[in-house]
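Colleague: how would this look folded up:
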Amino acid sequence: MNVLTIRRPDDWHLHLRDGAALASVVKFTAERFGRAIVMPNLKPPVATTAAATAYQQRVLAALPKASTFVPLMTLYLTDSTVPEEIDRAVAARCVHGVKLYPAGATTHSDAGVTDIRKTYAVLERMQERGMPLLVHGEAARPDVDVFDRESVFIDETLAPLIERFPRLKVVFEHITTARAVEFVTAARARVAATITPQHLLHNRNAIFAGGIRPHYYCLPILKRERDRIALVQAAVSGNPRFFLGTDSAPHERSTKETSCGCAGMFTAHAAIELYAEVFEESGRLDRLEAFASHFGADFYGLPRHDEHITLEREPWVVPERYPFGGGTVVPYRAGETIAWRLAPAERA
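Modeller: Predicted coordinates:
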């Protein structure tokens with residue numbers, strides 16, 4: 001197969017940053033995707049409906065002319081979030097989820113939740129109003145091994161949470177382990193997960209190939225090969241609980257290539273093309289459309305797109321860097337070849 005046409009996909013987990021950085025990267029997502037769930041971990045965090053509405057307007061203003069891309073906003077859950085904020089978010093219609101960051105778990109998570117019990121009243125209101133909870137699933141305690149943080153979070157937080165709130169919609173974002181695949185597969189209804197391209201394409205050896213590779217450092221961190229295999233099997237399985245979420249997270253080059261680098265990988269420049277590589281390698285290109293374009297929209301209760309995109313088998317070399325605000329961002333697979341290319345809109 002040299003040409004693949006699919007319904008326009010959506011990205012159900014995306015970091016766009018703000019200001020000049022936002023203007024530099026949003027075009028890549030808008031070319032490929034119809035919608036994206038936009039993460040709220042700015043500084044300060046997007047913790048209110050008013051802030052989310054204002055951020056959405058900034059994203060829309062940064063889009064290329066004539067773009068039909070729709071940013072779907074989220075709220076940043078804190079210890080002090082009140083149930084009434086959920087009511088305001090539902091009324092505003094631009095907020096499509098509330099993000100749980102355990103405090104200290106990842107980039108800009110310092111304002112996150114310190115004790116899940118402090119959020120119970122908010123979670124109850126979310127359950128009542130049908131607002132999804134989007135979970136960064138890692139236990140952030142210093143005594144937990146970095147490669148075990150996801151499994152510990154499942155045991156200590158996520159499993160009890162979905163039992164306590166049986167009607168709450170939960171997206172276990174960027175899962176990274178076979179344990180997470182097993183958990184989501186067996187979970188009650190209204191539990192789903194997103195999977196990133198980097199966790200499908202690499203195991204943790206990539207971080208150390210020939211030395212420390214800071215542009216392969218993300219959180220949750222890349223895991224073992226058996227975990228990667230389990231993720232690929234879940235992605236290509238046709239199980240609607242698993243769908244596309246890139247977690248594309250751009251950082252200025254100097255903040256990655258430093259003594260204490262930021263976590264995050266920028267993949268938006270070639271996101272759907274990367275997933276195509278995974279599905280082709282598994283012999284399941286026929287299932288890419290459902291994973292990328294159907295299952296996430298169905299879970300969030302949104303219509304599937306009528307538009308289509310076309311991917312062509314045309315190898316291309318990823319640039320070494322892209323402009324990013326006043327600096328540069330090093331993209332995933334910089335200087336390397338990607339097998340698929342997004343066709344211009346007029347050929348889609």
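Colleague: who's in contact with the residue nearest to residue 136 when sequence neighbours are not counted?
Modeller: Among residues not flanking residue 136 along the chain, residue 101 sits closest, at 5.0 Å (C-beta to C-beta, 6 or more residues apart in numbering). All C-beta atoms are positioned from the backbone trio N, CA, C, and that covers glycine. Residue 101 sits next to 41, 76-77, 109, 111-113, 136 when contact means C-beta atoms under 8 Å, 6 or more residues apart in numbering.
Colleague: and residue 305, by the same measure?
Modeller: 7-8, 10, 34, 293, 297.
Colleague: top of those residues by number of neighbours, please.
Modeller: Taking other C-beta atoms under 10 Å as the neighbour criterion, residue 10 ranks highest of the contacts of residue 305 with 29 neighbours.
Colleague: distance of the residue nearest to residue 223 when sequence neighbours are not counted from residue 287?
Modeller: In space, and not counting its chain neighbours, residue 223 is closest to residue 176: 4.9 Å by C-beta to C-beta, 6+ apart. Separation of residue 176 from residue 287 (C-beta to C-beta, to the nearest Å): 21 Å.
Colleague: okay, those two: which has more neighbours?
Modeller: Neighbours per residue (other C-beta under 10 Å) separate residue 176 from residue 287, with residue 176 holding more: 29 against 16.
Colleague: quick one: end-to-end distance for stretch 122-142.
Modeller: By C-alpha to C-alpha, to the nearest Å, the extent of stretch 122-142 from end to end equals 27 Å.
Colleague: tell me the buried residues in that stretch?
Modeller: By 16 or more other C-beta atoms under 10 Å, the buried positions in stretch 122-142 come out as 122-127, 131-140.
Colleague: ok, now stretch 283-303?
Modeller: Using 16+ other C-beta under 10 Å as the test for burial, stretch 283-303 gives 284-285, 287-297, 299-300.
Colleague: check these and tell me the two furthest apart.
Modeller: 285 and 300 (24.5 Å; C-beta to C-beta).
Colleague: now do the contacts for residue 288.
Modeller: Counted by C-beta under 8 Å, 6+ apart, residue 288 has contacts 4, 6, 275-276, 279.
Colleague: and it, how far from residue 297?
Modeller: From residue 288 across to residue 297, the span is 15 Å (C-beta to C-beta).
Colleague: go on, residue 291?
Modeller: Counting by C-beta to C-beta, the gap from residue 291 to residue 297 is 12 Å.
Colleague: specify the beta-bridge partners of residue 341.
Modeller: According to DSSP bridges, the residues that bridge with residue 341 are residue 312.
Colleague: roughly how far does residue 105 sit from residue 97?
Modeller: 17 Å.
Colleague: more neighbours: which of these two?
Modeller: Neighbour tally, residue 105 and residue 97, criterion other C-beta under 10 Å: the higher count belongs to residue 97, 28 against 22.
Colleague: packing partners for the strand or helix carrying that one?
Modeller: Here residue 97 is covered by strand 95-100, with elements defined by DSSP states H and E. Judged by 3 or more C-beta pairs under 8 Å, 6 or more residues apart in numbering; DSSP states H and E, the packing partners of strand 95-100 are strand 70-76, helix 83-92, strand 133-136.
Colleague: next one: the longest one to chain centre, how far?
Modeller: Meaning helix 83-92. 23 Å (C-alpha atoms, centre = their mean, to the nearest Å).
Colleague: what about dumping the CA coordinates of it to CSV?
Modeller: Output in CSV follows, covering the C-alpha atoms of helix 83-92 (Å, rounded to 0.1, in the frame of the first residue of the first chain):
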residue,chain,number,x,y,z
PRO,A,83,-17.4,21.7,42.3
GLU,A,84,-19.0,24.9,41.0
GLU,A,85,-16.0,25.2,38.6
ILE,A,86,-17.2,22.1,36.9
ASP,A,87,-20.7,23.6,36.4
ARG,A,88,-19.1,26.7,34.8
ALA,A,89,-16.9,24.5,32.6
VAL,A,90,-19.9,22.5,31.3
ALA,A,91,-21.9,25.7,30.7
ALA,A,92,-19.0,27.2,28.7
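Colleague: show me where the stretch 51-200 of the chain has its helices.
Modeller: Remark: helices assigned in the stretch 51-200 of the chain by DSSP state H, counting those that start in this stretch are 83-92, 120-129, 149-153, 159-164, 178-186, 197-201.
Colleague: reformat those helices as TSV; add distance to residue 59 and mean pLDDT.
Modeller: Formatted as TSV, these follow (distance: least, C-beta to C-beta, whole Å; pLDDT from 0 to 100):
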stretch	distance to residue 59	mean pLDDT
helix 83-92	15	98
helix 120-129	23	98
helix 149-153	29	98
helix 159-164	30	98
helix 178-186	29	98
helix 197-201	22	98
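Colleague: closest one to residue 221 among those helices?
Modeller: helix 149-153 (8.3 Å).
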